[in-house]
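Visitor: dropping a prediction and its sequence here:
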Amino acid sequence: MEEPEGRHATDDEGPRHTQDQYQESCAKRVALSPFFEQGTFVVITFNAVWIAVDVDGNKEPSLLTAAPKFVIMENLFCVFYSFELLIRFLAVSNKWRLLRDAWFMFDAFLLVLMVFETWIVTAVVALTGQAGESPFSSMAILKLLRLLRLSRLMRLMRTLPELMVLLRGMASAARSVMVTILLLTIIVYVFSVMLVQILEGAPLEEDKFSSVPVAMYTLV
């Protein structure tokens, strides 16, 4: 029995929903290859670690003046992610349905940001002859783009469904946790008011219970 259309489009299906639309082609065989999937996971994990290395070791405003290792790694990441997204795009029979695939569109957005930062900004710096200082370096948008590299970690969550399960569980429990915190705050507040009044004139009042906020801090 054919499943309803609406169910296929849910976020819970994730990459599996896209794989169901793959057409018979060389791109499909590559996309469904375990080596391709595992290799992608390894690259994503290494990229997540490399972000910290880049932040700590690369203080240059552009890749033109950066150390060779940072230039090589950024270009390799950009090439790999471009290849990976191209394979997934070519493997799907109905390209228009990819516009409704949230994960594919998210990956495409990340790739656009990466290409802009790695290749376009570098090309502009080279053409303008400002290798020592990026023409975009003083703009908040470039700093935002560099921070957005952290969003690549979201791909780890797609690769490891267990992480998504944990996040959904935490989101479901958030309301209960907030209500518990509110209840504890009310209890601490009530006892703080009581103790400030009861201990008025006592030796402890000056240091620990001189006011309600100080009393709350003491009790916490």
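Guide: Received it, and whenever you're ready, just let me know what you need. Residues are numbered from 1 along each chain as shown.
Visitor: leaving out chain neighbours, which residue sits closest to the residue nearest the centre of the chain?
Guide: With distances taken as Cα atoms, centre = their mean, S151 lies nearest the centre of the chain, 2.6 Å away. Among residues not flanking S151 along the chain, L110 sits closest, at 6.2 Å (Cβ to Cβ, 6 or more residues apart in numbering). Bear in mind the C-beta positions are built from the backbone N, C-alpha and C, glycine included.
Visitor: list the buried residues of whichever helix in the chain runs longest.
Guide: Longest helix in the chain, counting residues (DSSP state H): helix 161-198. For helix 161-198, burial by neighbour count (16 or more other Cβ atoms under 10 Å) applies to 188, 192, 195-196.
Visitor: widest-spaced pair of these?
Guide: V188 and V196 (12.3 Å; Cβ to Cβ).
Visitor: ok, then the element right after the host helix or strand of D56?
Guide: For D56, the element it lies in under DSSP states H and E is helix 34-57. Following helix 34-57 in sequence order, the next helix or strand is helix 68-91 (DSSP H and E).
Visitor: next one: stretch 42-57 to chain centre, how far?
Guide: Its chain's C-alpha centre and that of stretch 42-57 lie 13 Å apart, by Cα atoms, centre = their mean, to the nearest Å.
Visitor: please work out which residues outside that stretch touch it.
Guide: For stretch 42-57, the external contacting residues (Cβ atoms under 8 Å, 6 or more residues apart in numbering) are 67, 70, 73-74, 77, 80, 149-150, 152-153, 155-156, 159.
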